[in-house]
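Engineer: okay, predicted coordinates and the sequence, questions at the end:
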Amino acid sequence: MSAVPYRRLPGTHRGPIARATAWAGDDHILLVEGSRTSETYKRVYFRDVQALMITKRNRFILQTPWLLAPVALLIGGFALPTPWRATGGLVAALVLAGILVYLYVAGIFFSCRFYIATAVGNVKVASVFRVWQARRFHAKVGPLIVAAQQQRQPANPL
């Protein structure tokens, strides 16, 4: 039994619960998505790829926990003992200013979603979520796809 030599492709997504990576084999791309308890594998053969698609999207979407942070800071400031309220208010104001600066900076940059289009459907590559990662992924996989598709023999015409 011989193991397939895999090479890691650009892009890795590591979240608190989920993670995703992509690997190139001899004739396919292996997409690995997992959580702490399970992993899912998808195999896309180079000969089946019809297109690599990048769709731009906002890098950061404002979610409910970010809206609750100022309220939590305000409640925390009122819960402090009287001698510490001035210092607690200053700390809360600095934390709130830091959160607002982060949200502004994160909101102006773009990210992407990256898909591999096949005849069956589109396969999302979860490990690629930035435009520069998508370009590097394309640079590594593009020549492999072209080489695999040039090796295919055309069908005999009637």
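Structural biologist: Nice, I can see it.
Engineer: mind listing what's buried in stretch 3-23?
Structural biologist: Residues Y6, L9, P10, G11, H13, R19, A20, T21, A22, W23 are the ones in stretch 3-23 that count as buried (16 or more other Cβ atoms under 10 Å). For the C-beta atoms, the positions are set from N, CA and C on the backbone; glycine is no exception.
Engineer: report the lowest-confidence entry in these.
Structural biologist: Within the buried residues of stretch 3-23, H13 has the lowest pLDDT, namely 84.
Engineer: I figured that one hits V32, correct?
Structural biologist: No - applying Cβ atoms under 8 Å as the test, H13 and V32 come out as separate, 10.5 Å apart.
Engineer: please tell me how far the residue sitting nearest the centre point of the chain sits from R7.
Structural biologist: The chain has F129 as the residue nearest its centroid, 3.4 Å off, counting by Cα atoms, centre = their mean. Distance check for F129 against R7: by Cβ to Cβ, to the nearest Å, it reads 20 Å.
Engineer: quick check: bridge partners of E39?
Structural biologist: Bridge pairing for E39 (DSSP bridges) gives the partners G34.
Engineer: ok, it touching E33?
Structural biologist: Yes - E39 is within contact range of E33, at 7.1 Å (criterion: Cβ under 8 Å).
Engineer: just want to know which of these two has more residues nearby.
Structural biologist: E33 (19 against 10; other Cβ atoms under 10 Å).
Engineer: surely the more buried one meets A22?
Structural biologist: No - using Cβ under 8 Å, E33 makes no contact with A22, being 9.7 Å away.
Engineer: ok, now which ones touch Q133?
Structural biologist: By Cβ atoms under 8 Å, 6 or more residues apart in numbering, Q133 lies in contact with P10, G11, F114, S127.
Engineer: oh sorry, the question was meant for Q150
Structural biologist: By Cβ under 8 Å, 6+ apart, Q150 has no neighbours at all.
Engineer: quick one, phi psi at it?
Structural biologist: Backbone torsions for Q150, taken as degrees, to the nearest 10, come to phi -80, psi -20.
Engineer: and the helix ranked longest in the chain, what does it pack against?
Structural biologist: The longest helix of the chain (DSSP state H) is helix 85-108. The contact analysis (3 or more Cβ pairs under 8 Å, 6 or more residues apart in numbering; DSSP states H and E) places helix 85-108 against helix 64-79.
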